[in-house]
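Novice: missing the sequence, but the structure's below:
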């Protein structure tokens, strides 16, 4: 097949495969005058995809996206189409980039006790972007380029690797001025309240982070480097809260967060450490469907399909239905009829679950039903434009239809999402050659090609995936 060799290389990368960018080796280009915040953010996101260990697990990504979009949906006038990503990193941190890109460390998620606490961080970061704070506080125009912003932000992600004058300057630039922090706190609290989250969670979570700082005084959380926490700032937050009225309608659901934490733990920990902890939870609560579901979820991440199936079926019989996860287990076990039933059942309950459509696409593709497979893959991509697996399967479907150029475009998108920028560039170039200059997407392909060429030239080649 035309794409066989490329598809064999197109595998999901884990945190262990990624080398974080060493900032003293980053070449900062000349200033790009007049470049929009959207363009800066887009270019930084490509650098981040190539250089940062981003979490690709759909359960984790969707959880953070939904929290963030719940806040964005209540903004009077969103400045940008916001996107949220999770970085595999145990340090407590979160940061925002012009253009609507927000990154949150997995360590911060692991330490949160509720959706409200996570929403407090997301609300604060959204406020920084809505207020154009990075751009407003820059005096040196040489930093107003995507690589300059990359150096500023990445200096906070890995301060050990980020040694040298350029990274130190970047870290200093990212340390928000007091008035901008207070503005982000004020607006963030408003955004939380408007979206239905408890604004009192903001000082609670900041207090949690401060407690960790006291316990690990040598290793100050990166979040405090970019968002300095002081008694004055905490007092300001408390004063603002006194002017707000909050009536919580229902208690916060903590099981969804527990599920996301379990997935992160499985992705970052070893089997010998993770599974026994959740087995212990089941042993202590053998009739609790939530404990059964969490263990089943963890087992899926270690490819223990049959045991995961058994536990998820038990949880389902007790009222906790994880039909997408069950469908995945059935599919991996070759039980396609049961997989179809579970996935279709889940899609009826949650039609916006992109991965359920992606799994159905895989199922129909295996059965040779290319029409239904294509339909499900396109639905998955529409719901989640960052779902690389859906692009890969759809590329194979389109290639079988004899549309090699279109298949190359899909494969390029998948590689771009995975951070394989040189491979993505190669696919865009081949797509352009196959489709020709008169194709409706020719201008778009040319723009993508130029953008990737610019980034690849400015970052050391050996640091790409």
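Specialist: Yes, it's here. Computed from a predicted structure; not experimentally measured.

Novice: please, where are all the helices along the stretch 101-250 of the chain?
Specialist: Remark: helices assigned in the stretch 101-250 of the chain by DSSP state H, counting those that start in this stretch are 106-111, 115-130, 133-137, 146-157, 165-173, 178-194, 201-215, 222-226, 231-242.

Novice: could you tell me the least trusted of these?
Specialist: For these, the weakest mean pLDDT is recorded on helix 165-173, namely a mean of 44.

Novice: spatially central residue in this protein, please.
Specialist: The residue lying closest to the centre of the chain (Cα atoms, centre = their mean) is residue 85, at 2.3 Å.

Novice: could you pull up the residues touching it?
Specialist: 45, 48, 54, 55, 61, 64, 101, 102, 103, 104 (Cβ atoms under 8 Å, 6 or more residues apart in numbering). All C-beta spots, glycine's among them, are computed from the backbone N, C-alpha and C.

Novice: for it, give me phi and psi.
Specialist: phi -140, psi 160 (degrees, to the nearest 10).

Novice: which one of the contacts of residue 85 is nearest to residue 264?
Specialist: Lowest distance from residue 264 to these (Cβ to Cβ) belongs to residue 55, with 7.3 Å.

Novice: can you tell me the closest non-neighbouring residue to that closest one?
Specialist: Using Cβ to Cβ, 6 or more residues apart in numbering and skipping residues adjacent in sequence, the residue nearest residue 55 is residue 86, 4.1 Å away.

Novice: neighbours around that neighbour, how many?
Specialist: 24 (other Cβ atoms under 10 Å).

Novice: for it, helix, strand, or coil?
Specialist: strand (DSSP: H, G, I helix; E, B strand; the rest coil).

Novice: swap in the one 3 residues further on?
Specialist: For residue 89, the secondary-structure state derived from three-state DSSP is coil.

Novice: can you check residue 96 too?
Specialist: Quick answer, by three-state DSSP: residue 96 is strand.

Novice: what's the closest non-adjacent residue to residue 418?
Specialist: Residue 418's closest residue in space is residue 388 (Cβ to Cβ, 6+ apart), at 5.5 Å.

Novice: domain parsing for this structure?
Specialist: With domains defined by automatic domain parsing, the chain comprises 31-242, 255-463.

Novice: for the residue nearest to residue 55, list the residues it contacts.
Specialist: 54, 55, 60, 61, 64, 103, 104, 105, 106, 109.

Novice: distance check, it against residue 61.
Specialist: 6 Å (Cβ to Cβ, to the nearest Å).

Novice: which neighbours do those two share?
Specialist: With Cβ under 8 Å, 6+ apart, residue 86 and residue 61 have common neighbours residue 55.

Novice: hmm, residue 206 is touching residue 234, no?
Specialist: Yes - counting by Cβ atoms under 8 Å, residue 206 touches residue 234, with 6.7 Å between them.

Novice: which one's more surrounded, the two?
Specialist: Taking neighbours as other Cβ under 10 Å, residue 206 and residue 234 compare with residue 206 leading, 22 against 16.

Novice: what about the more buried one, distance to residue 446?
Specialist: 47 Å.

Novice: may I have the phi/psi pair for the residue nearest to residue 303 when sequence neighbours are not counted?
Specialist: Leaving aside its sequence neighbours, residue 303 sits nearest to residue 332 (Cβ to Cβ, 6+ apart; 7.6 Å). The phi/psi pair for residue 332 (degrees, to the nearest 10) reads phi -70, psi -30.

Novice: doesn't residue 304 make contact with residue 332?
Specialist: No - assessed by Cβ under 8 Å, residue 332 is found out of contact with residue 304, at 10.0 Å.

Novice: next up, the contacts around residue 270.
Specialist: No contacts exist for residue 270 under Cβ under 8 Å, 6+ apart.

Novice: the chain should start at 188 in everything you say after this.
Specialist: Yes, from this point I'll number from 188; that puts the last item at residue 457.

Novice: looking at it now. What's its pLDDT?
Specialist: Looking at residue 457, its pLDDT is 92.

Novice: just confirm residue 385 contacts residue 303, I think it does.
Specialist: Yes - between residue 385 and residue 303 there is a contact under Cβ under 8 Å: 4.3 Å.

Novice: who has more neighbours, those two?
Specialist: residue 303 (22 against 19).

Novice: not counting sequence-adjacent ones, nearest residue to that one?
Specialist: Nearest in space to residue 303, with sequence neighbours left out and distances taken as Cβ to Cβ, 6+ apart, is residue 388 at 3.5 Å.

Novice: pLDDT-wise, which helix or strand of this protein ranks last?
Specialist: helix 191-196 (a mean of 38; mean pLDDT, DSSP states H and E).

Novice: what's downstream of that one, the next helix or strand?
Specialist: Downstream of helix 191-196, the next assigned helix or strand under DSSP states H and E is helix 224-238.

Novice: what's the average pLDDT for the very next helix or strand once past that following helix?
Specialist: Downstream of helix 224-238, the next assigned helix or strand under DSSP H and E is helix 245-259. Per-region confidence: helix 245-259 scores 97 on mean pLDDT.

Novice: where does the prediction get shaky in this protein?
Specialist: Across the chain, the ranges flagged by pLDDT under 70 are 188-222, 324-364, 400-413, 415-417, 434-439, 646-652.
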